[in-house]
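> Predicted model and sequence follow; I will ask about them next.
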Amino acid sequence: MAEVIEVKHPLVQHKLTMIRNEAVGTKDFRALVDELAMLLTYEASADLPMETISVKTPVQETKAQSLAGKKLAVVPILRAGLGMVDGILQLIPAAKVGHIGMYRDEETLEPVEYFVKLPEDIAQREVLLIDPMLATGGSAKDAINALKVRGATQIKLITLVSAPEGIKAVQEAHPDVAIVTASIDEGLNEDGYIVPGLGDAGDRLFGTH
Ligand SMILES: O=P(O)(O)OC[C@H]1O[C@H](OP(=O)(O)OP(=O)(O)O)[C@H](O)[C@@H]1O
Ligand SMILES: O=c1cc[nH]c(=O)[nH]1
Ligand SMILES: [Mg+2]
């Protein structure tokens with residue numbers, strides 16, 4: 001079973017607490033989501049392969065570590081995942097970006113897919129699938145399926161807030177997918193919202209209701 005990493009770093013926890021606050025408005029919410037995405041990517045990229053290369057410093061030639069040219073793709077689940085893209089690209093500017101459009105039916109809580117556009121060579125790339133919220137896990141499971149049917153084999157899911165129910169659902173359906181999250185919350189309420197959560201991430205990012 002791939003691991004689930006809950007990132008306890010003080011900066012992550014502090015910023016997460018800030019966006020949980022309902023009084024935080026769209027502008028600050030967006031900025032903090034971006035920063036959190038960057039910090040979680042630091043953790044999610046900790047196992048990227050390295051190679052030793054030669055580099056000439058102003059003092060002498062030396063051997064040093066460099067990324068081994070691993071190809072990455074960042075794939076947000078629309079809409080809310082879009083809020084995390086820029087933060088990730090600041091750390092991994094050469095990554096290609098795919099998009100998976102999906103919303104939860106408000107009555108059934110089942111995900112509805114409405115758009116998929118991925119880099120052509122997705123099968124050769126390690127994929128960072130991103131969505132701030134992992135609630136029932138339905139959206140993440142279907143998004144991972146959408147990636148796998150198009151050939152992706154190495155997938156990591158990065159979320160800000162996860163419900164235990166969503167983690168279990170993803171692990172059962174996709175035991176090969178590691179999850180990096182800022183928090184494993186208590187659970188879901190009767191409306192399928194994460195408790196205590198931060199509300200509807202998409203609405204808070206984009207100022208909709
Ligand atoms: O784990 P689940 O139960 O599937 O719920 C999580 C999904 O719900 C939210 O999207 P939403 O449907 O609100 O769409 P939006 O991003 O367009 O607001 C969230 O961004 C996830 O994609
Ligand atoms: O709590 C939740 C659950 C699903 N989607 C959200 O944006 N928030
Ligand atoms: Mg939403």
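Ah, there it is. Numbering: from 1, shown residues only. Ligands and ions are numbered 1, 2, ... in the order given.

> And the residue of the chain that's closest to ligand 1?
Among all residues of the chain, Gly202 sits closest to ligand 1, at 2.3 Å; criterion: CB to the nearest ligand atom. The way it works is simple: take the backbone N, C-alpha and C, and place the C-beta from them, glycine included.

> For Gly202, grab phi and psi.
Torsion angles at Gly202 (phi, psi; degrees, to the nearest 10) stand at phi -60, psi -50.

> Nearest residue to it in space, please, no chain neighbours.
Ala80 (4.0 Å; CB to CB, 6 or more residues apart in numbering).

> The one you found: neighbour count?
Neighbours of Ala80 under the rule other CB atoms under 10 Å: 25.

> isn't the residue of the chain closest to ligand 1 right next to Arg79, touching?
Yes - using CB atoms under 8 Å, Gly202 is in contact with Arg79, at 4.4 Å.

> ok, the residue of the chain closest to ligand 1 to ligand 2 distance?
6 Å (CB to the nearest ligand atom, to the nearest Å).

> Identify the residues contacting that residue.
Arg79, Ala80, Thr208 (CB atoms under 8 Å, 6 or more residues apart in numbering).

> Would you tell me what the next helix or strand after whichever strand in the chain runs longest is?
Using DSSP state E, we find that the single longest strand of the chain is strand 154-162. Moving toward the C-terminus from strand 154-162, the next helix or strand (DSSP states H and E) is helix 164-173.

> Buried residues, that following helix. List them.
Pro164, Glu165, Gly166, Ile167, Ala169, Val170, Gln171 (16 or more other CB atoms under 10 Å).

> again with stretch 13-31
Applying 16+ other CB under 10 Å to stretch 13-31 flags Lys15, Leu16, Met18, Ile19, Arg20, Val24, Phe29, Arg30, Ala31 as buried.

> Now tell me what touches that stretch from outside.
Contacts for stretch 13-31 (CB under 8 Å, 6+ apart): 32-33, 35-36, 39, 83, 160-161, 182-183, 196-199, 204-207.

> List, out of those, those positioned next to ligand 2.
Contacts with ligand 2 within those, counted by CB under 6 Å from any ligand atom: Gly197.

> Out of the contacts of stretch 13-31, which end up buried?
Among the contacts of stretch 13-31, those classed as buried by 16+ other CB under 10 Å are 32-33, 35-36, 39, 83, 160-161, 182-183, 197-198, 204-205.

> From those residues, which land in helices?
Judged by DSSP state H, helices contain the following of these: Leu32, Val33, Glu35, Leu36, Leu39, Gly83, Arg204, Leu205.

> Taking those residues together, which two end up most distant?
Within those, two members stand farthest from each other by CB to CB: Leu39 and Arg204, at 18.7 Å.

> Who is Ile53 paired with across the strands?
According to DSSP bridges, the residues that bridge with Ile53 are Ala64.
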